[in-house]
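Novice: generate coordinates for the sequence data below:
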Amino acid sequence: MSEMQSFIEGNFSNLLAVSWFLLCFVGYTEYARRVARSTHSLSSVMHRYRVEWMERMLVRDVRIADTTVISTLERGVAFFASTTLLILAGLITVLGSTEKAIDIISDIPFASQATTAEWEMKLLLLIAVFIYAFFKFTWGLRQYGFTSVMLGSTPMPSEQMVDSARQAHAIRIANMMSLAANNFNSGLRSYYFSMAVLGWFINPWLFIVLSTGIVWVLYRREFKSRTLAELVISRSE
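Specialist: Alright, predicted model coming up:
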């Protein structure tokens with residue numbers, strides 16, 4: 001028996017759990033992006049609201065309310081970006097006290113015994129998830145900054161400008177805001193999936209169950225929630 005076969009057989013449940021997690025993480029992200037193009041979802045409906053918002057902004061002389069809303073959204077993303085850094089610092093600290101953490105987990109019922117190397121791999125996966133979230137949050141933060149600049153460059157209603165050019169400018173701002181919101185959502189989605197990774201520290205089968213459950217929760221909220229129904233009804237009134 002080769003070393004590779006021996007490794008796979010000895011770590012089959014862990015390899016299966018990680019593979020299923022990655023399939024859920026990447027697969028749901030791609031699924032949500034594609035399905036949102038053809039059906040109602042929180043992201044697609046909110047984009048239409050942003051377009052309507054920018055169209056109304058064009059005819060306002062005073063745009064303090066618009067800039068305030070964008071600043072509020074920006075602060076929310078900045079909060080999560082800074083929180084993610086604190087979480088990463090905590091996880092890196094845990095790497096230095098692996099033995100103590102293993103002893104704590106081993107007292108939990110149904111917890112599988114893990115070697116130091118396995119424990120560190122689990123921590124590294126969790127760290128990778130939060131690094132991904134951090135990059136998504138910071139990119140969304142920059143995109144909200146770009147949105148503020150684009151809003152500042154919007155011509156006043158009294159200025160002479162072709163209507164089609166005004167409309168195109170409003171759509172560009174709405175598109176930039178949607179890009180920022182989508183990156184923020186990706187960061188939040190990483191937080192959801194990090195809850196599933198925590199299950200891996202107890203048992204790989206629990207990891208699989210939690211990964212599946214997270215996908216179900218995200219799908220329900222994005223495509224079948226009461227919030228989405230209210231947003232759709234409000235637009236149609």
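
Novice: contacts and neighbour counts: CA atoms only from here.
Specialist: Will do.

Novice: could you check how far the closest residue to T67 other than its chain neighbours is from F12?
Specialist: Once flanking residues are discounted, T67 sits nearest to S148: 6.9 Å by C-alpha to C-alpha, 6 or more residues apart in numbering. According to C-alpha to C-alpha, to the nearest Å, S148 and F12 sit 50 Å apart.

Novice: where do the helices of the chain begin and end?
Specialist: 3-10, 12-35, 42-57, 64-95, 98-106, 116-152, 163-200, 204-223, 226-236 (DSSP state H).

Novice: tally of neighbours for the closest residue to D66 other than its chain neighbours?
Specialist: Nearest residue to D66 in three dimensions, chain neighbours excluded: M57, at 7.4 Å (C-alpha to C-alpha, 6+ apart). For M57, the neighbour count with other C-alpha atoms under 10 Å is 19.

Novice: same deal with the one 4 residues further on?
Specialist: Other residues within reach of D61, judged by other C-alpha under 10 Å, total 11.

Novice: OK, contacts around it?
Specialist: Residues near D61 by C-alpha atoms under 8 Å, 6 or more residues apart in numbering: M156, P157.

Novice: okay, it: pLDDT?
Specialist: Looking at D61, its pLDDT reads 84.

Novice: which phi and psi does it have?
Specialist: For D61, the backbone dihedrals (degrees, to the nearest 10) come out as phi -80, psi -40.

Novice: just S225 next, same as before
Specialist: Dihedral pair for S225: phi -80, psi 160, per degrees, to the nearest 10.

Novice: what about it, distance to T115?
Specialist: Note on S225: its distance to T115, by C-alpha to C-alpha, is 42 Å.

Novice: those two: which is more packed in?
Specialist: Neighbours were counted for S225 and for T115 using other C-alpha under 10 Å; S225 has more, 15 against 12.

Novice: tell me how far the more buried one lies from T147.
Specialist: Going from S225 to T147 by C-alpha to C-alpha gives 28 Å.

Novice: among S148 and F12, which residue is more densely surrounded?
Specialist: S148 (20 against 12).

Novice: circling back: I'd guessed the residue nearest to T67 sits against T72; true?
Specialist: No: here S148 does not reach T72: they are 11.6 Å apart, not a contact under C-alpha atoms under 8 Å.
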